[in-house]
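Student: model this:
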Amino acid sequence: MTEQRFDAILARQRFDAVLARQVPDEEKRRRADFVVDTSVSREETEAHVATLVKALRGRRGRAVAA
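Tutor: As a prediction, the model looks like this:
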């Protein structure tokens, strides 16, 4: 096995290990207070973010550090 091939295998193993530790997207969405759908056009995404920011700015209270 060449050194380059060994490095590629090792990189893939590291990637797989990192991926295995990730919280699944479905769980992230379940835990999230807000989810921005980025599967739509950039313009639609930006409009959604602008609406969200406007709504959040109108809230009373303080942000809580997690």
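Student: which parts of the protein are helices?
Tutor: 3-21, 25-31, 42-57 (DSSP state H).
Student: which of those sits most buried?
Tutor: Stretch with highest mean neighbour count among the helices of the chain: helix 42-57 (a mean of 11; mean count of other C-beta atoms under 10 Å). (C-beta placed from N, C-alpha, C; glycine too.)
Student: which residues are contacting that one?
Tutor: 34, 36-38, 40 (C-beta atoms under 8 Å, 6 or more residues apart in numbering).
Student: using PDB, list the CA coordinates for that helix.
Tutor: Listed next in PDB are the C-alpha coordinates belonging to helix 42-57 (Å, rounded to 0.1, in the frame of the first residue of the first chain):
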ATOM      1  CA  ARG A  42     -31.300  32.200  -1.700                       C
ATOM      2  CA  GLU A  43     -33.900  35.000  -1.900                       C
ATOM      3  CA  GLU A  44     -36.500  32.900   0.000                       C
ATOM      4  CA  THR A  45     -33.900  32.000   2.600                       C
ATOM      5  CA  GLU A  46     -32.800  35.600   3.100                       C
ATOM      6  CA  ALA A  47     -36.500  36.700   3.400                       C
ATOM      7  CA  HIS A  48     -37.100  34.000   6.000                       C
ATOM      8  CA  VAL A  49     -34.000  35.100   8.000                       C
ATOM      9  CA  ALA A  50     -35.000  38.700   7.800                       C
ATOM     10  CA  THR A  51     -38.500  37.900   9.100                       C
ATOM     11  CA  LEU A  52     -37.000  35.800  11.900                       C
ATOM     12  CA  VAL A  53     -34.500  38.600  12.900                       C
ATOM     13  CA  LYS A  54     -37.400  41.100  12.900                       C
ATOM     14  CA  ALA A  55     -39.500  38.900  15.100                       C
ATOM     15  CA  LEU A  56     -36.600  38.300  17.500                       C
ATOM     16  CA  ARG A  57     -35.800  42.000  17.800                       C
END
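Student: same list (the helices of the chain) but as JSON lines, adding mean pLDDT.
Tutor: Converted to JSON lines, the helices of the chain look like this (pLDDT from 0 to 100):
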{"stretch": "helix 3-21", "mean pLDDT": "91"}
{"stretch": "helix 25-31", "mean pLDDT": "93"}
{"stretch": "helix 42-57", "mean pLDDT": "93"}
